[in-house]
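Peer 1: structure for this input, please:
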Amino acid sequence: MAATDIKAYLAAHESKPLLRFITCGSVDDGKSTMIGRLLHDSKRLFDDQLAALEADSRRHGTQGEQIDFALLVDGLSAEREQGITIDVAYRFFDTDRAKFIVADCPGHEQYTRNMATGASTARLAVVLVDARKGVLTQTRRHSWICHLMGIDHVVLAVNKMDLVDYSREVFESIVSDYRGLAAELGIEQVSCIPLSALAGDNVLERSAQTPWYDGPVLMQALEQAAEVGKRNEGGAFRLPVQWVCRPDQSFRGFAGQLLGGSVTVGDEVVVVPSGKRSRVVSLHVGNEQVRTARSGQPVVLALEDEVDVSRGDVLVAASDPLEVADQFGAHLLWMDEQPLLPHRSYRIRLGTTECGGQISEIKYQIDVNNQDHIAARQLELNAVARVDLDLDRNVAFAPYDKSRELGSFVLIDRQTNATVGAGVIDFALRRAQNVHWQTLEVDKAARSRIKAQQPRCVWLTGLSGSGKSTIANEVERKLLARGHHTYLLDGDNVRHGLNRDLGFTEADRVENIRRVGEVARLMTDAGLIVLVSFISPFRAERRAVRERFDQGEFVEVFVDTPLEVCEERDVKGLYAKARAGKIPNFTGISSPYEEPENAELVLKTVGRSAEDLADEVLSVLGLYS
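Peer 2: Presented below is the predicted three-dimensional model:
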C-alpha cells in the first residue's frame, strides 16, 4: 500500500466518530456473550485471537462444541472458573461508520462499584434483560447508576429471545416495564431491541425470527448514537492543566486535553481559580504547531504573560469563565469495605486538581431499587447518598450535567491510597459564596508576643486508663508555675458540654475529635499552649487535626500503656463492663485503637511517675530546665 493510501486511511479512521458505551444488567443476562458476538460477527478478531477463543471454548466454555463468545472479555481466571464477570473489561472495535470502546460491566451486586467505574466515562448504556426473567432489581440498580453518571441514552437489549420462542408479547411486556422505570429515573432516550446474543439475532443482521420488529439492529443503533454524539460536540473552551511544560528557559507551556469548544492563537483566556487574564501566543498538538485546537485534542498552550499557572488550574474562555467554590452538594457512591464517616479527612481528586476534604454531612441515602430516601449516619459498601462535600480550598468546577470532567470527583484514603468513593457535583452550596474570612489586625503572632511564648497544641492520645489526664494535668501545673498561658481540654470534661450530644459510635468519635481539634486550633490562635487529653483512637482523625495547625505547632504524644495495666488501673470498672458486653464500642475491647506511627513523643508509663513523664513532655517542647 502506498504511503498516500496509508495516510488517507489513517485520516479517514481519525475522523470517525467515537462512542464509549457500557453493557450492564443483572447476572447471566448475556453481557459478555453479546460483546463477543459483536466482535466476532463484525470481523474484528485476528486469526490468532479466534484460534485462542476456540481453544479456550473447549477448555472453559459453557456452550459444548460451540464458541463461547463470553470468553473474549472474561479474561480473569476467577471469571472463567465461575462463569461470571468480576472486573470491568474494555474492548475497542470499529466499523466503516464509527469507532467504539465498550466496557463490559459485572452484574453482581457486590461489584456495583466496578460497574459505576465503567459508566463514568460512557455516553450510552446497553442494558441487557433476560427475556425469561424481565426487569430485575439489578436492572433497576444499574439503570439508576447510569442516570447518576449522566448517561441519557439507553439501548434496552432484551436478550435470550430464542428461549421464549421470539415472543412479541414477552418483548413488549418487558419494554413497557422498562420504559416506566426510565420515566421514573429521567432517562430521556430508550431504544429497545429483541435479540439473541448467542444465536446472533438482531446483533449485526436483522433476524428472520422477529418479523414483527422493524427497528434498527444493535450495531445500527450504536453507529447512529456515535454520529449524534459527534454532532453534539462543542461548548466553551476548557483546558484543565495536567502538566507545566518547561523544556528550556525560552518556553513555558501548559499541557492538557481540551474538554470543550476550541481555542485559537490570540484568544483571551482566564486562569481559574486565580482569575488572572492573558492571551494565547502559541499552540502545539503533538509535535505540530497549529493556530487552532479543538475539543478532545491534547495540546500544549503558551501564554503572552508570565502568569502563575500550575497543575490543577483550568484555562477557560474569558467570555465564559468557570465558577469556583469549596463546598458542594453532591451524589456519592461509596466503594470501600470500611464505612464512610462524616468529617473524616480524605484526599479529593477533581479533574486534575487534588486537595484535602471531607464529607461534612450525609443528607440521605438513596435506595437504588425504588429511589426512596433513607436517613443515614454512615455509608456502607455500594451505598449511594446525597452529601455535602467540604474542600480545604476553592477549586474550579462545573455541575456534572454540564461537564463530566469538571463535575466528578473521587475520594482517596490518606492511609491506604485506595479510591474509596466516587461522586458527582450537583451544585455549589450558597454558603460557600456568602461566607468569607474577615481580615483582623490582631493576629496569632501578636497574641503570642504579649504572652512571651510559642503557641502549641500538645495532643495526648492513648487507651482509657493509660494516664493521659494525669500527665496532662501535671504538665499544665508545671507550665503555669513557669508563667505560661495554658488550657487543658480533657475528653470527659468536654463531653459534659460541647460534645454532650455525641455517643461512642465510630461516627460520633470522628465528630468528637473534629470539634475538639477546631477548639484547640482556635485556642492556639489565641497564643495559648493547649493540652488535649483524648483517647482519639483513629489515625485519620489525628492526622486531620494535625493538618489544621502550622508546621511545628502540633505535638502528638502517645501515652503507651499496655491494655492489661489500663484494666488494672480502672477504678470505674469500665473495662469489666465492656468485656461483659455492657458497654458497646469500647476502645481496646470492642472498638480498635490505632497506635500513632510518627508521634513526636512516646511515653512508656509503666514504672514511671507522672512528674517524670511530664518533664519529658516539657523537654520535647523545649521548656524543660
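Peer 1: okay, now the unreliable bits of this structure?
Peer 2: 1-5, 7-13, 45-87, 229-234, 431-439, 624-625 (pLDDT under 70).
Peer 1: list the buried residues for the top helix by length along it?
Peer 2: With DSSP state H setting the assignment, residue counts place helix 506-525 as the longest helix in the chain. For helix 506-525, burial by neighbour count (16 or more other C-beta atoms under 10 Å) applies to 506-514, 516-517, 519-521, 523-525. In short, each C-beta sits where N, CA and C put it, glycine included.
Peer 1: helices or strands up against it?
Peer 2: helix 444-451, strand 456-461, strand 486-490, strand 529-533, helix 539-546 (3 or more C-beta pairs under 8 Å, 6 or more residues apart in numbering; DSSP states H and E).
Peer 1: so which of these gets nearest Arg386?
Peer 2: Closest to Arg386 of the helices and strands packed on helix 506-525 is helix 539-546 (C-beta to C-beta; 23.1 Å).
Peer 1: on that earlier part again, out of the helices and strands packed on helix 506-525, the one nearest Leu136 is which?
Peer 2: helix 539-546 (37.7 Å).
Peer 1: so Glu541 sits against Arg344, correct?
Peer 2: Yes: with contact defined as C-beta atoms under 8 Å, Glu541 reaches Arg344; the gap is 6.8 Å.
Peer 1: anything in contact with each of these two?
Peer 2: Common contacts of Glu541 and Arg344 (C-beta atoms under 8 Å, 6 or more residues apart in numbering): Val510.
Peer 1: contacts only, for the most centrally placed residue in the chain.
Peer 2: By C-alpha atoms, centre = their mean, the mean C-alpha position of the chain lies nearest to Val410, the distance being 1.9 Å. Residues near Val410 by C-beta under 8 Å, 6+ apart: Ile348, Arg349, Thr419, Gly421, Ala422, Gly423.
Peer 1: nearest to Cys192 among the residues you listed?
Peer 2: Nearest to Cys192 among the contacts of Val410, with distances taken as C-beta to C-beta, is Ala422, at 29.3 Å.
Peer 1: measure how far the one helix or strand the closest one maps to is from the centre of its chain, please.
Peer 2: Secondary structure from DSSP states H and E places Ala422 in strand 419-428. Distance, stretch centre to chain centre, for strand 419-428: 6 Å (C-alpha atoms, centre = their mean, to the nearest Å).
Peer 1: that strand: partners in the sheet, and parallel or antiparallel?
Peer 2: Take DSSP bridges as the rule and strand 419-428 pairs in its sheet with strand 323-334 (antiparallel), strand 408-412 (antiparallel).
Peer 1: the nearest residue to Lys478 once chain neighbours are set aside and Leu204, how far apart?
Peer 2: Leaving aside its chain neighbours, Lys478 sits nearest to Ala614 (5.8 Å; criterion: C-beta to C-beta, 6 or more residues apart in numbering). Ala614 sits 80 Å away from Leu204, going by C-beta to C-beta, to the nearest Å.
Peer 1: between the two, which one's more packed in?
Peer 2: Ala614 (22 against 17; other C-beta atoms under 10 Å).
Peer 1: what residues of stretch 161-173 count as buried?
Peer 2: Neighbour-count burial for stretch 161-173 flags Met161, Asp162, Val164, Tyr166, Val170, Phe171 (criterion: 16+ other C-beta under 10 Å).
Peer 1: show me what the closest residue in space to the second one that isn't next to it in sequence bridges to in the sheet.
Peer 2: The one in question is Asp162. Excluding its sequence neighbours, the residue lying closest to Asp162 (C-beta to C-beta, 6+ apart) is Ser196, at 4.3 Å. Beta bridges link Ser196 to Asp201 when assigned by DSSP bridges.
Peer 1: can you pull the contacts of Ser196?
Peer 2: Asn159, Lys160, Met161, Asp162, Asn202, Ser207, Gln209.
Peer 1: from those residues, which is closest to Ser403?
Peer 2: Nearest to Ser403 among those, with distances taken as C-beta to C-beta, is Asn159, at 33.7 Å.
Peer 1: wait, the closest one sits on Leu195?
Peer 2: Yes: judged on C-beta under 8 Å, Asn159 makes contact with Leu195 at a distance of 5.9 Å.
Peer 1: please enumerate the strands of the stretch 251-400 of the chain.
Peer 2: Assigned by DSSP state E, counting those that start in this stretch, the strands in the stretch 251-400 of the chain fall at 251-257, 262-264, 268-272, 277-285, 288-290, 292-294, 298-303, 314-317, 323-334, 345-350, 353-366, 373-374, 384-397.
Peer 1: for the fourth one, buried residues please.
Peer 2: So that's strand 277-285. Ser278, Val280, Leu283, His284.
Peer 1: pull the most distant pair out of the residues you listed.
Peer 2: Among those, Ser278 and His284 lie farthest apart (C-beta to C-beta), at 17.0 Å.
Peer 1: can you put the buried residues of strand 277-285 in TSV and add distance to Tyr111?
Peer 2: Output for those, formatted as TSV (distance: C-beta to C-beta, whole Å):
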residue	distance to Tyr111
Ser278	46
Val280	45
Leu283	42
His284	41
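Peer 1: for those residues, which one is nearest Gly329?
Peer 2: Ser278 (32.7 Å).
Peer 1: gap between that closest one and Gly235?
Peer 2: 21 Å.
Peer 1: and for Leu181?
Peer 2: 30 Å.
Peer 1: for Leu322, same thing?
Peer 2: Relative to Gly235, and taking C-beta to C-beta, Leu322 is found at 12 Å.
Peer 1: neighbour count for the two, which is higher?
Peer 2: Leu322 (20 against 17).
Peer 1: and that one, what does it touch?
Peer 2: Neighbouring residues of Leu322 by C-beta under 8 Å, 6+ apart: Arg238, Val272, Val314, Val316, Ala396, Phe397, Ala398, Leu406.
Peer 1: could you redo the last one with a cut-off of 6 Å?
Peer 2: Val272, Val316, Ala396 (C-beta atoms under 6 Å, 6 or more residues apart in numbering).
Peer 1: tell me what the last one is bridged to.
Peer 2: Counting by DSSP bridges, Ala396 is bridged to Val324.
Peer 1: returning to what we had before: which one of the helices and strands packed on helix 506-525 lies closest to Glu564?
Peer 2: Going by C-beta to C-beta, the one of the helices and strands packed on helix 506-525 nearest Glu564 is strand 456-461, 19.0 Å.
Peer 1: can you name the element that comes right after the closest one?
Peer 2: Downstream of strand 456-461 (by DSSP H and E), the next one is helix 468-481.
Peer 1: pull out the buried positions in that next one.
Peer 2: Lys468, Ser469, Thr470, Ile471, Ala472, Asn473, Glu474, Val475, Glu476, Lys478, Leu479.
Peer 1: what's that helix packed up against?
Peer 2: Under the contact definition 3 or more C-beta pairs under 6 Å, 6 or more residues apart in numbering; DSSP states H and E, helix 468-481 sits against strand 486-490, strand 529-533, helix 610-620.
Peer 1: what's next to it, contact-wise?
Peer 2: Counting by C-beta under 6 Å, 6+ apart, Leu460, Gly462, Thr486, Leu488, Asp490, Leu531, Ser533, Val559, Ala610, Leu613, Ala614, Val617 sit against helix 468-481.
Peer 1: can you redo these as TSV with distance to Ile359?
Peer 2: What follows is these, written out as TSV (distance: C-beta to C-beta, whole Å):
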residue	distance to Ile359
Leu460	28
Gly462	28
Thr486	34
Leu488	31
Asp490	28
Leu531	30
Ser533	28
Val559	31
Ala610	40
Leu613	38
Ala614	38
Val617	35
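Peer 1: need the max-distance pair from these.
Peer 2: Among those, Gly462 and Thr486 lie farthest apart (C-beta to C-beta), at 20.1 Å.
Peer 1: which of those two has more residues huddled nearby?
Peer 2: Neighbours were counted for Gly462 and for Thr486 using other C-beta under 10 Å; Gly462 has more, 28 against 20.
Peer 1: distance check, the more buried one against Ser609.
Peer 2: Distance from Gly462 to Ser609, by C-beta to C-beta: 17 Å.
Peer 1: please apply the same query to Thr561.
Peer 2: Thr561 is 14 Å from Ser609, by C-beta to C-beta.
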